[in-house]
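Undergrad: heads up, no residue letters with this:
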DNA sequence: AGCGTACCGTACCGTACGGTACTCTCGGCT
DNA sequence: AGCCGAGAGTACCGTACGGTACGGTACGCT
């Protein structure tokens, strides 16, 4: 899983940035020649630094995935308002990330590779996306439960429902090429709605807010 | 949008079936030679019948997409129980479809092509998947609202939430290569849960059921 | 019987691309 | 000044694949 990818020189990071650009533009159709030209380096250097096309893609995905971590939520004071705010902030950050052209391109490449799964790009994306998100949010949910604000048996299941409420049909539509403008205002609205719906479903009895359906 | 694809001979359908098989096995890496061999036909016939690789893939996606329609729900007697049952049946059918190896392969190819969007595979899949689902379910939701069982302003938005509750993280995980066994019993359980949660969120006041978090 | 059509199998062509080798330049070190 | 390693640029090789051409065969139709 962890090759010796220890430190990348800034030159090499520039290469990865170029790969990312090309991924956005051409998907996984990017050629080594194109990368070399875009990054103004020789193909030979590419092969020396990364080994081959496969590893170059892997390095890029790994590098980018490590960059875009969703901000951790602080669990300082836990009342119903702050919990809702945390959920909302989380949802908003998540939506913002998956709507990124870079994220879409990355996911597309990973999905494409997942068919003949040699490189494990899919696993990397999954690990740094969906699963990392779960790892970050579950403590918040459990803290909410401990504080008597939430009620659920299985944090994983609760999180999956939250995931569904946030992502809805957005991610699959974006991946399939649907033009779907996600203006910040829209993201905020959707995030707020997702948080509200989640609280309606998992809020502890007596804490259940009025449900407004919009 | 609609090329003259009118009728396909059974021979040609056998070819598309072969393409489907190869998609499952190799993703979009399938070669014309492999298709010809698998379908026991000559490459020349392939080109005569379909025009080229691009059109062959498109024809396959279109054909398969038309095959797997989710069963329409009947809106005969609309009480709360039958509405819940319809939603559950709908969710169950949908989950069953997207967990299919064929569906996964198809979606992978479409997502991959969506980067350089010449063929519009993504649009076809979207049109026969997500949007078709919406078209089928919205009348049910509106009937439920008319019967005083549901409460929402925008059927589209309500449907998107239902979509999220059903799909959750399943589709993206499958596309990214996560081994995720969806046994029939599990699908039934998830479908039931999604329907229950949806009713909890959008059930008209006074109709709200007890919320059990699994 | 003779002809046309459909189509299989296969050889073939052109190109694109992954990967390698080679040359030339530049900057640092002694 | 002379040497040397890193790396840009480029030419090159092998191969895989999309697409085409062609020979051979089975089946009508007249």
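TA: Yep, it's here. As the structure is a computational prediction, the values presented were derived from the model and not from experiment.
Undergrad: residue ranges with poor pLDDT in chain A?
TA: A:1-7, A:69-76, A:206-214 (pLDDT under 70).
Undergrad: residues in contact with the host helix or strand of residue A:48?
TA: For residue A:48, the host element (DSSP states H and E) is helix A:43-50. When contacts are defined by Cβ atoms under 8 Å, 6 or more residues apart in numbering or on different chains, helix A:43-50 is touched by residues A:12, A:15, A:32, A:33, A:35, A:36, A:56, A:59. Quick note: C-beta positions are derived from backbone N, CA and C, even for glycine.
Undergrad: which single one of those is nearest to DNA strand D?
TA: Proximity of the contacts of helix A:43-50 to DNA strand D (Cβ to the nearest atom of the strand) peaks at residue A:36, which lies at 6.2 Å.
Undergrad: okay, the closest one and DNA strand C: tell me how far apart.
TA: To DNA strand C, residue A:36 is 9 Å away according to Cβ to the nearest atom of the strand, to the nearest Å.
Undergrad: what does residue A:189 give?
TA: 42 Å.
Undergrad: residue A:25 now?
TA: 13 Å.
Undergrad: for stretch A:99-116, buried residues please.
TA: For stretch A:99-116, a neighbour-count test (16 or more other Cβ atoms under 10 Å in any protein chain shown) marks A:99, A:103-115 as buried.
Undergrad: hmm, the helix or strand following the helix holding residue A:48 in reach of DNA strand C?
TA: Reading on from helix A:43-50 to the C-terminus, the next helix or strand found by DSSP H and E is helix A:53-67. Yes: using Cβ under 7 Å from any atom of the strand, helix A:53-67 comes into contact with DNA strand C via A:53, A:54.
Undergrad: picking up where we left off before, which of the contacts of helix A:43-50 are buried? Put it as a PyMOL command.
TA: The PyMOL selection below is limited to those of these classed as buried (16+ other Cβ under 10 Å):
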select buried, chain A and resi 12+15+35+36+56+59
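Undergrad: for the residue positioned nearest the centre of chain A, helix, strand, or coil?
TA: When Cα atoms, centre = their mean is applied to chain A, the residue found nearest the centroid is residue A:129 (3.9 Å). With DSSP: H, G, I helix; E, B strand; the rest coil as the basis, residue A:129 sits in helix.
Undergrad: check contacts around the closest residue to it other than its chain neighbours.
TA: Distance criterion Cβ to Cβ, 6 or more residues apart in numbering or on different chains; nearest residue to residue A:129, sequence neighbours excluded, is residue A:65 at 7.2 Å. Contacts for residue A:65 (Cβ under 8 Å, 6+ apart) come out as A:106, A:124, A:125, A:127, A:128, A:129.
Undergrad: of the buried residues of stretch A:99-116, list those near chain B.
TA: A:105, A:107, A:108, A:109, A:110, A:111, A:112, A:114, A:115 (Cβ under 8 Å from any Cβ of the partner chain).
Undergrad: and the last one, how far from residue A:84?
TA: This means residue A:115. According to Cβ to Cβ, to the nearest Å, residue A:115 stands 40 Å off from residue A:84.
Undergrad: ok, the third one next?
TA: Taking Cβ to Cβ as the measure, residue A:108 falls 33 Å from residue A:84.
Undergrad: only the buried residues of stretch A:137-154, if you could.
TA: Buried-residue list, stretch A:137-154, by 16+ other Cβ under 10 Å: A:137, A:140, A:141, A:143, A:144, A:145, A:149, A:150, A:151, A:152.
Undergrad: going by distance to residue B:133, which of the buried residues of stretch A:99-116 wins?
TA: The shortest approach to residue B:133 among the buried residues of stretch A:99-116 belongs to residue A:111, at 20.2 Å (Cβ to Cβ).
Undergrad: ok, residues contacting the helix or strand harbouring the closest one?
TA: Using DSSP H and E, residue A:111 sits within helix A:101-114. Contacts with helix A:101-114, where a contact means Cβ under 8 Å, 6+ apart, come from A:20, A:23-24, A:27-28, A:57, A:61, A:64-65, A:68, A:97-98, A:119, A:121-122, A:124-125, A:129, A:171, A:174-175, B:27-28, B:107-108, B:111-112, B:114-115, B:172, B:175-177.
Undergrad: next structured bit after it?
TA: helix A:121-126.
Undergrad: so which other helices or strands are in contact with that following helix?
TA: Judged by 3 or more Cβ pairs under 8 Å, 6 or more residues apart in numbering or on different chains; DSSP states H and E, helix A:121-126 is in contact with helix A:53-67, helix A:101-114.
Undergrad: the longest one vs helix A:43-50, what angle?
TA: Put plainly, it is helix A:53-67. Angle, helix A:53-67 to helix A:43-50, by axes from the mean of the first three to the mean of the last three Cα atoms, to 10 degrees: 60 degrees.
Undergrad: got the buried residues for helix A:53-67?
TA: Quick answer for helix A:53-67 (16+ other Cβ under 10 Å): A:53, A:55, A:56, A:57, A:58, A:59, A:60, A:61, A:62, A:63, A:64, A:65.
Undergrad: just put those residues in a markdown table and tack on distance to residue A:189.
TA: Below are those laid out as a markdown table (distance: Cβ to Cβ, whole Å):
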| residue | distance to residue A:189 |
| --- | --- |
| A:53 | 42 |
| A:55 | 42 |
| A:56 | 39 |
| A:57 | 36 |
| A:58 | 37 |
| A:59 | 37 |
| A:60 | 33 |
| A:61 | 31 |
| A:62 | 33 |
| A:63 | 33 |
| A:64 | 28 |
| A:65 | 28 |
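Undergrad: of all those, which comes closest to DNA strand D?
TA: Using Cβ to the nearest atom of the strand, the buried residues of helix A:53-67 come closest to DNA strand D at residue A:53, 11.9 Å.
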